[in-house]
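Chemist: Could you work out the structure for the sequence below:
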Amino acid sequence: QVHLVESGGGLVQTGGSLRLSCAVSGHTFRISRMDWFRQAPGKERQFVAGIWWSAGNTYYASSVKGRFTVSVDIPKNTVYLHMNSLKPEDTAVYFCKARSDSADDSWGQGTQVTVSS
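Modeler: Residues are numbered from 1 along each chain as shown. Below you'll find the predicted structure:
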């Protein structure tokens with residue numbers, strides 16, 4: 001079982017940047033992968049970016065590739081989502097998710113990102 005807490009959201013203008021953090025506690029030794037998702041009002045939750053916990057391989061949704069970067073600081077048990085060139089359509093609640101080696105998922109409570117035009 002892991003516990004996730006996101007932070008770093010806020011209000012930013014179009015073209016601005018934010019860095020989201022996801023602090024991980026609990027059985028981190030069982031984490032295989034960390035993902036970021038987002039959910040805009042009235043829309044389904046969608047995948048944004050992910051990273052393999054140990055190997056560090058990353059993957060991105062096409063809508064954010066080249067603008068967002070996901071990274072992990074294992075000694076700090078923290079995953080980051082660096083977001084650049086933000087657009088109004090990036091406005092959403094952002095969630096991090098941990099997948100264990102037994103394919104169990106744990107979610108954080110989310111952090112709001114609002115991009116003004």
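
Chemist: Residue 92 contacts residue 113, correct?
Modeler: Yes - applying C-beta atoms under 8 Å, one finds residue 92 in contact with residue 113, separated by 6.2 Å. In this view, the C-beta of every residue, glycine as well, is placed from N, C-alpha and C.

Chemist: quick one: common contacting residues for these two?
Modeler: residue 38 (C-beta atoms under 8 Å, 6 or more residues apart in numbering).

Chemist: measure residue 21 to residue 78 for me?
Modeler: 6 Å (C-beta to C-beta, to the nearest Å).

Chemist: Check residue 16 too.
Modeler: 22 Å.

Chemist: With residue 60 instead?
Modeler: From residue 60 across to residue 78, the span is 19 Å (C-beta to C-beta).

Chemist: Can you report how many residues lie near residue 94?
Modeler: Here the number of neighbours of residue 94 (other C-beta atoms under 10 Å) works out to 23.

Chemist: Same check on residue 17?
Modeler: 11.

Chemist: so the spatially most central residue of the chain, which of the three states?
Modeler: Residue closest to the average C-alpha location in the chain (C-alpha atoms, centre = their mean): residue 36, at 3.0 Å. Under DSSP: H, G, I helix; E, B strand; the rest coil, residue 36 falls in the strand class.

Chemist: This completes my enquiry, with thanks.
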